[in-house]
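# Test case, fold it:
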Amino acid sequence: MNSVVFDASAILAYLHDEAGSDVAARYLDAAIVSAVNIAEVATRLNEQGLSDGQVRQVVAALDVAIVPFDGDLAYRCAQLRASTRRRGLSLGDRACLALAQRQGAPVLTADQAWLGLDIGVEIRLIREPRSES
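Below is the predicted model:
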């Protein structure tokens, strides 16, 4: 299977057995993740009471490839600001998308605000989009 870039939301859904965790589980063997998104996951787990050691064990058990956030990704991330600003995407979101652009890989997320982005990246949602009433 080719690489799939995981957003922090997909990892957290998997770890917490939330809706869409089954979809995330199917792609886990091919997962690559930006170090920025691992920082987001680690932050959330720390906030939930896990120690640094426990967080490191949880992340290591995922056995995902963690990609350093280098200069090229930093510039790609900055360039994505204009095309994602109106959707409120964070630095972490853009780091994930920048990695997917560079790798030519789809991205897996729970964030439906990413749908319809025209940035040359295939967006795969782990959950069905909520309809607006």
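# next helix or strand past the host helix or strand of Gln54?
Taking DSSP states H and E as the definition, Gln54 sits inside helix 52-62. Elements were assigned by DSSP H and E; along the chain past helix 52-62, the next helix or strand is strand 65-67.
# pLDDT on that next one, on average?
In this model, strand 65-67 has a mean pLDDT of 97.
# which helices and strands does it pack with?
Here strand 65-67 touches strand 31-34, helix 35-47, going by 3 or more Cβ pairs under 8 Å, 6 or more residues apart in numbering; DSSP states H and E. Where you see a C-beta, it was placed from the backbone N, CA and C, and this is true even at glycine.
# Try it again at 6 Å.
The helices and strands touching strand 65-67, judged by 3 or more Cβ pairs under 6 Å, 6 or more residues apart in numbering; DSSP states H and E, are strand 31-34.
# so what does the strand it packs on touch, helix or strand wise?
Using 3+ Cβ pairs under 6 Å, 6+ apart, strand 31-34 is in contact with strand 4-6, strand 65-67, helix 91-103.
# okay, these, which one's buried deepest?
With neighbours taken as mean count of other Cβ atoms under 10 Å, the helices and strands packed on strand 31-34 reach their highest mean count in strand 4-6, at a mean of 29.
# which residues touch that strand?
Contacts made with strand 4-6 from outside it, assessed by Cβ atoms under 6 Å, 6 or more residues apart in numbering, are listed as 27, 30-33, 99-100, 105-108.
# how about 7 Å then?
When contacts are defined by Cβ atoms under 7 Å, 6 or more residues apart in numbering, strand 4-6 is touched by residues 27, 30-33, 37, 64, 96, 99-100, 103, 105-108.
# One more: stretch 120-133?
The set of residues that contact stretch 120-133 without belonging to it, under Cβ under 7 Å, 6+ apart, is 10, 13, 19-20, 23-24, 97, 100-101, 106-110, 112, 114-115, 117.
# Compute the distance between the residue nearest to Leu80 when sequence neighbours are not counted and Gln103, please.
Of all residues not flanking Leu80 in the chain, Arg94 sits nearest, at 4.5 Å (Cβ to Cβ, 6 or more residues apart in numbering). Arg94 is 15 Å from Gln103, where distance means Cβ to Cβ, to the nearest Å.
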